[in-house]
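J.: Sharing a model prediction with you, sequence too.
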Amino acid sequence: MNPFEPLQAPILATFDGLTEEDLLFGPSPKLELGDVALGTFKAAKKLGMKPPECAQAILAQVTFGSQVLSVQATGPYLNFKLDRGVIAQPVLSVILDEAGEYGSNHSGRDTRMLIEHTSINPNASPHVGRARNAMYGDTLVRLFRFEDYDVDVHYYVNDIGRQIGLLALFVDDIESMTFDGVLQAYVDANQKAEDDPEFAKQGYEMLAKMEEGDPEVAKKFHDLTDLCLKGQTDVLARLGIHYDQFDRESKYLKDPRLDTVVAALEEKGAVFTDEDERLVVDLSKIGHERDEGRFFVLKRANGSSMYGFRDLAYTIDKMEQGADVNLQVLGEDHKLYAEQLNLILKAAGKTSPETIYYAYILLKDGKMSTRQGKVVLLADFLDEAASRAGEKVETQCADLPEAERKAIAEKVAIAAVRFAILKVNPNKNVIFDWESSLSFNGDTGPYVQYSCARINSILRKYDGPVDCAVDSEFPLTQDAEWALVMKLAEFPAVVAAAVENRNVAPIGQYALETARLFTTFYHDCPVLIAETPALIRARIQLCRATLQTQTNALSILGIDALERM
RNA sequence: GCGCCAGUAGCUCAGCUGGAUAGAGCAACGGCCUUCUAAGCCGUAGGUCACAGGUUCGAGUCCUGUCUGGCGCGCCA
């Protein structure tokens, strides 16, 4: 949706050699200057002029249509005053017409994508720190599906490893065990392993039996990790996060494709057995330039494989599933590790997925620590947030049945967490503050939801359905209306940028800005009691278009636009 | 020590890939509910964009160095 088309076309027709990209349209910094501004920097360069000259040249030579009421050159800028209604009409028309698809550029048509995210260790309940991976990954999935990608979501289950070995040894009766029970058992088992070396050794033996394929041990590992996985995915499902496929690490223990990798490494002289009988890759032979992180261990002295060795097989497996785009979401602590894997795969003639990294979530008084109990569990936070939201819903939606009120409170809680995490650029640490995340005021998900609830409230009171046919004489004159329309027109570009940069944070920022502009409009421009029927009709359509755009933006973020709250 | 990421208002964050006088929210102060939901709105105050150089018509944004914080660097996953 390019609302500037009527301004652009006559300029392009007058000056040869200019393209759309040379014309930098945007809102004027102040509405007194104009409704829309054009920066002439790029165009000037192409035309061999200085920007202010270029502005003057456009002013002198171009004849604009009747939509343009006046043009003024201010240094390198041109400021246009427009017939706002005429410009706004097609914007609203497109939004109401495209409805749930408004904002999508459909860039993923006929494109298959495999994305792996979350993949947390089974022995922990998701806390908000780890959940950044899940929320970010899930939001990418939603973004790409919105763009018509055919997305397959994978979760890599670390179902083997020392921690599961200890657990399997410690736990007798899995049948009657709960997720919380397993978590406690893991803590106890670790303590026991620390106190009792013999027990620790037996843990490794369990692991060895698992690798050898002992059916009884395998079943125990499987049942334990299943229980854990269910506990974890239940919490994540509460946030609307779902997966298409769970890939068990144990499946990749003896993958024949690893032989070809090792053979390729041998051929390049990049693999050797060290003095402790470990099988080690020397990455300096295959492109790693520094000393740090030069060595990568594939197998222990006893022949059991390391996590990274199995991950090589898993990565190869993912890449061979025929997706056009492969993505994985990893914490920034995995940066070097992923680079090491990539080098090995490249040396073996294999490709690697594109990785999206995110920085850690910190607490106000430092980093999270499971050991010190300095964690915010996702489930705990959601419970507390839902309870606080519930108090408000109780007074504001007293007429609704209790079940419905509870559902609303839960959705507010989800919006609070998801938004708090997603609005921050992924390469920045998030400082998670319990209190401000529970306030629901200001820059929050609930604030955005609230603006939607207000729109819904107006639409409910408006008698009759909203007409999608937008009048050509669209009577919008107020600044608040204009600012809102311009913001709505931006949405497809915001989505396109998010796709290109694999960054969803700007969508959160966009929803926030739109909500703020709507609220200003809400206060400045009465809808249901506007002066004329035509104005009521127009503002209702603007409300409907805003709600549609926000619904689409929020759905990418995994947040529900609420009818009432 | 080496590598990657970051440093913007007291606090938490934006800043459209180099463009007009750097923007929000929280906290503070002052206003606004018999008028579409006050989870709200309007206003005031708050800045040497970590620091020092450089690149050019123009730098919060690009380059170099320094400082501070996060993460990582051979049998954890």
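T.: The structure has been received and is ready for your questions. Residues are numbered from 1 along each chain as shown, chains lettered A, B, ... in the order given.
J.: Quick check: the residue in the stretch 351-500 of chain A that RNA strand B sits nearest to vs A:A561, distance?
T.: In the stretch 351-500 of chain A, no residue comes nearer to RNA strand B than A:G442, which is 1.9 Å away by C-beta to the nearest atom of the strand. Placement of C-beta: from N, CA and C, glycine included. Per C-beta to C-beta, to the nearest Å, A:G442 is found 19 Å from A:A561.
J.: For stretch A:455-474, which outside residues touch it?
T.: A:85-86, A:88-90, A:92-93, A:96-97, A:518, A:527-528, A:534, A:536-538, A:540-541, A:543-544, A:546-547, A:550, A:562-564 (C-beta atoms under 8 Å, 6 or more residues apart in numbering).
J.: Quick check: residues of the stretch 51-200 of chain A near RNA strand B?
T.: Selection of the stretch 51-200 of chain A residues close to RNA strand B by C-beta under 7 Å from any atom of the strand yields A:51, A:74-77, A:79, A:121, A:158, A:160-163.
J.: Just the ones of those residues in strands?
T.: Members of those lying in strands (criterion: DSSP state E): A:74, A:77, A:79.
J.: Lowest-confidence one in those?
T.: Lowest in pLDDT among those is A:T74, which has 90.
J.: contacts for the helix or strand of chain A with the lowest mean pLDDT?
T.: Lowest mean confidence among the helices and strands of chain A (mean pLDDT, DSSP states H and E): strand A:366-367, at a mean of 80. Under the criterion C-beta under 8 Å, 6+ apart, residues A:360, A:374 lie in contact with strand A:366-367.
J.: and that strand, which strands flank it?
T.: Strand A:366-367 pairs in its sheet with strand A:361-363 (antiparallel), by DSSP bridges.
J.: average pLDDT for the strand it pairs with?
T.: Strand A:361-363 comes out at a mean pLDDT of 90.
J.: Any buried residues in that strand, and which?
T.: Neighbour counts using 16 or more other C-beta atoms under 10 Å place A:361, A:363 of strand A:361-363 among the buried residues.
J.: quick one: is that strand near RNA strand B?
T.: Yes. Applying C-beta under 7 Å from any atom of the strand, one finds strand A:361-363 touching RNA strand B at A:L362.
J.: Check the offset of that strand from the chain's centre.
T.: Centre-to-centre, strand A:361-363 and its host chain are 18 Å apart (C-alpha atoms, centre = their mean, to the nearest Å).
J.: Also stretch A:321-339?
T.: 15 Å.
J.: With stretch A:213-228 instead?
T.: Distance of stretch A:213-228 from the chain centroid (C-alpha atoms, centre = their mean) equals 33 Å.
J.: before we move on, back to that, okay, A:G442 and A:A561: which has more neighbours?
T.: Set A:G442 next to A:A561 and count neighbours by other C-beta atoms under 10 Å: A:A561 wins out with 22 against 9.
J.: For A:I58, the count of nearby residues, please.
T.: 24.
J.: can you check A:R539 too?
T.: A:R539: 22 neighbours (other C-beta under 10 Å).
J.: list the contacts for it?
T.: A:481, A:525, A:527, A:530.
J.: Among those residues, which ones lie close to RNA strand B?
T.: With C-beta under 7 Å from any atom of the strand as the criterion, those include A:525, A:527 near RNA strand B.
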